[in-house]
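S.K.: sequence plus the predicted model coming up.
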Amino acid sequence: MDHFEYRDGVLHAEDVPLPAIAQAVGTPVYVYARATLTRHARVFRDALAVLPRVKIAFAVKSNPNLAVLRVLAAEGYGADVVSGGELERALAAGMAADGIVFSGVGKTEAEMRRALEAGIGQFNLESEEEGLELAALGASMGTVAPAALRVNPDVDAGTHGKISTGKAENKFGVPFDRAGAIYARLAETPGIAMRGLALHIGSQLAKLEPLEQAFTKVGGLMRAIRAAGHAVTHMDLGGGVGVPYREGEVFPQPADYAAMVERVTRDWDVTLMFEPGRVITGNTGVLVTRVVRVKEGASHPWVVVDAAMNDLARPALYDAWHDFAAVTPDGERFTANIVGPICESSDTFAMARDIDRVTRGDLAVFRTAGAYGATMANTYNSRPLVPEVMVDEGRWAVVADRIDPATILAAERVPDFLKG
Ligand code: PLP
């Protein structure tokens, strides 16, 4: 149930027909259903209620739109941020500073300083070096930085290689066999307060087994660290729970995930932290696009749409699948390739796919575009930056403007030495 449904043959977002938004805002445009966002936030949070002490930090990278963050803040979510920009967004959305976790392998001194000034809840350290820098900064500012050590458990998440983060060859976290010693050294360093371990093995996980394996492994490390005399009060289990992108796919439900976590962590006696992204926002959004024309092809017609890889990068980046559907289908189907206008062959959304028959001027959607969609958009080929709309029952609002090429051009300069 994602609140994008046909009524009288027209695809709606909640109570709003998508053609009304396309007409007013133009295409391509991302459309989010607030009801879906709220529902997913609650289902995930309520599933975790089987655990004694829980904090949820929404992975801002999956959808950093201010309105989206505002909805999640109202549902009691904190934020997992990976840059100074995301930190400012989370604060601007009203998320409590102590509910913010700062992840990421390349935090700069300026970003760490700002986060310390804001009083965030936890830094997830990616290395001993980073921990020592943060400690020195904390001490110089007369404060103590709350921190967890991100461990690389060397577990195969079984997802696409480019979104796999928990294998030894990935850049994330400290090597598992060195984590205990690093934790011990950082725990004795002034300016920093080590309170736990963190892990995140990858995104779009289709199975719970790799997560269970990683949690079990890191649970053992937690026990060893405690046995060495150090406190562990928080364990951050990251994000990664996948969502179905293709009609008919079956994925673990939040309740299955929570039951697995409960089983593994029963005797941990910690506050458990989670960083869900996709599972909250994936199905809350569609990308609405218009068919520019249908061009004859060698074996299948090319459906050229006005959305491109700069608006929705996942297919080009990860060979990702997004269901494609006409906004006003006529019941006929055909097999076609779906492509955008960008001058790269990677600007391909689907090849030889059985889809609703569409023709020049028709509106269509790429489904499940609420996570890692607009947030990855760019202006390649001097295209506009795609706008975003949020629907709430029968009303809707633009929550991010389309940024026109003229605005981008106005920020560029021809230096004096080229004038003349
Ligand atoms: N936490 C960290 C550290 C991440 O890098 C990511 C994304 O890759 C997430 C959480 C969110 O992952 P997902 O959207 O798969 O839940």
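M.R.: Arrived safely, thanks for sending. Numbering: from 1, shown residues only.

S.K.: can you pull out the low-pLDDT segments for this structure?
M.R.: Under the criterion pLDDT under 70, the flagged ranges of the chain are 1.

S.K.: repeat the analysis, applying 90 as the threshold.
M.R.: Low-confidence segments of the chain (pLDDT under 90): 1-2, 154-172, 247-248, 420.

S.K.: what about the longest strand in it?
M.R.: Taking residue count as the measure and DSSP state E as the definition, the longest strand of the chain comes out as strand 285-295.

S.K.: partners of it, with directions?
M.R.: Sheet pairing for strand 285-295, assigned by DSSP bridges, gives strand 29-33 (antiparallel), strand 302-305 (antiparallel), strand 363-366 (antiparallel).

S.K.: CA-only coordinates of the first one, as PDB, when you get a sec.
M.R.: Output for strand 29-33, consisting of C-alpha atoms alone and laid out as PDB, is shown next (Å, rounded to 0.1, in the frame of the first residue of the first chain):
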ATOM      1  CA  VAL A  29       8.800  15.900 -11.100                       C
ATOM      2  CA  TYR A  30       9.100  13.700  -8.000                       C
ATOM      3  CA  VAL A  31       5.900  13.300  -6.100                       C
ATOM      4  CA  TYR A  32       5.800  12.000  -2.500                       C
ATOM      5  CA  ALA A  33       2.800  10.700  -0.600                       C
END
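
S.K.: what comes into contact with it?
M.R.: The contact list for strand 29-33 (CB atoms under 8 Å, 6 or more residues apart in numbering) reads 2-4, 13-14, 18, 21-22, 63, 65, 67-68, 284-288, 369-370, 373-374, 386-391, 396, 399-400, 402. Where you see a C-beta, it was placed from the backbone N, CA and C, and this is true even at glycine.

S.K.: for the residue of the stretch 1-150 of the chain found nearest the ligand, which non-adjacent residue is closest in space?
M.R.: Residue nearest to the ligand within the stretch 1-150 of the chain (CB to the nearest ligand atom): Ala59, separated by 3.4 Å. Using CB to CB, 6 or more residues apart in numbering and skipping the chain neighbours, the partner closest in space to Ala59 is Gly277 (3.1 Å).

S.K.: cool, and Leu11?
M.R.: What sits nearest to Leu11 in space, not counting adjacent residues and going by CB to CB, 6+ apart, is Val327, at 4.5 Å.

S.K.: on that earlier part again, need the contact list for the residue of the stretch 1-150 of the chain closest to the ligand.
M.R.: Shown in contact with Ala59 (CB under 8 Å, 6+ apart): 80, 239, 275-278.

S.K.: ok, back up a step: just the ones of the contacts of strand 29-33 in helices?
M.R.: Taking DSSP state H as the definition of helices, the contacts of strand 29-33 contribute 18, 21-22, 67-68.

S.K.: those: which two are farthest apart?
M.R.: Using CB to CB, those span at most 20.5 Å, a distance reached by Ala22 and Val68.

S.K.: so between those two, which is more surrounded?
M.R.: For Ala22 and Val68, the more surrounded residue by other CB atoms under 10 Å is Val68, and the numbers stand at 29 against 20.

S.K.: measure the more buried one to Ala49 for me?
M.R.: Per CB to CB, to the nearest Å, Val68 is found 23 Å from Ala49.

S.K.: what residues are up against Ala224?
M.R.: For Ala224, the contact set (CB under 8 Å, 6+ apart) comprises Gly180.

S.K.: one more time with 10 Å
M.R.: For Ala224, the contact set (CB atoms under 10 Å, 6 or more residues apart in numbering) comprises 179-180, 183, 230, 232.

S.K.: so which of those wins on neighbours?
M.R.: Among those, Tyr183 has the most neighbours (other CB under 10 Å), with 28 neighbours.

S.K.: wouldn't it be in contact with Glu128 here?
M.R.: Yes - contact criterion CB atoms under 10 Å: Tyr183 and Glu128 qualify, at 9.3 Å.

S.K.: which residues do those two both contact?
M.R.: Here Tyr183 and Glu128 have 149, 174 as joint contacts, going by CB under 10 Å, 6+ apart.

S.K.: so what's the residue of the stretch 1-150 of the chain closest to the ligand bridging to?
M.R.: Beta-bridge pairing for Ala59 (DSSP bridges): Asp80.

S.K.: interface residues of the stretch 1-150 of the chain facing the ligand?
M.R.: 59, 61-62, 80, 103 (CB under 6 Å from any ligand atom).

S.K.: pick out the most distant pair among those.
M.R.: The farthest-apart pair in these, when distances are taken by CB to CB, is Ser62 and Ser103, at 12.6 Å.

S.K.: what touches both of these two?
M.R.: If you check Ser62 and Ser103 against CB under 10 Å, 6+ apart, the residues they both contact are 80, 239, 275.

S.K.: the second one sits in which helix or strand?
M.R.: Read it as Gly239. Element membership of Gly239, judged by DSSP states H and E, is empty: it is in no helix or strand.

S.K.: what sits against the closest residue to it other than its chain neighbours?
M.R.: Using CB to CB, 6+ apart and skipping the chain neighbours, the partner closest in space to Gly239 is Glu275 (4.2 Å). Listed by CB under 10 Å, 6+ apart, the contact partners of Glu275 are 55-62, 78-80, 101, 103, 124, 198, 200, 236-240.

S.K.: how about a cut-off of 6 Å?
M.R.: The contact partners of Glu275, taken as CB atoms under 6 Å, 6 or more residues apart in numbering, are 57, 59, 80, 238-239.

S.K.: just to revisit the earlier point, now the shared contacts of Ser62 and Ser103 as TSV including distance to Arg113?
M.R.: Shown next, in TSV, are these (distance: CB to CB, whole Å):
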residue	distance to Arg113
Asp80	19
Gly239	26
Glu275	23
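
S.K.: out of these, flag the one nearest to Asp306.
M.R.: The shortest separation between Asp306 and any of those is 31.8 Å, and it belongs to Gly239 (by CB to CB).

S.K.: surely that closest one meets Gly277?
M.R.: Yes - counting by CB atoms under 6 Å, a contact exists between Gly239 and Gly277, whose distance comes to 5.1 Å.

S.K.: with that, I have no additional questions.
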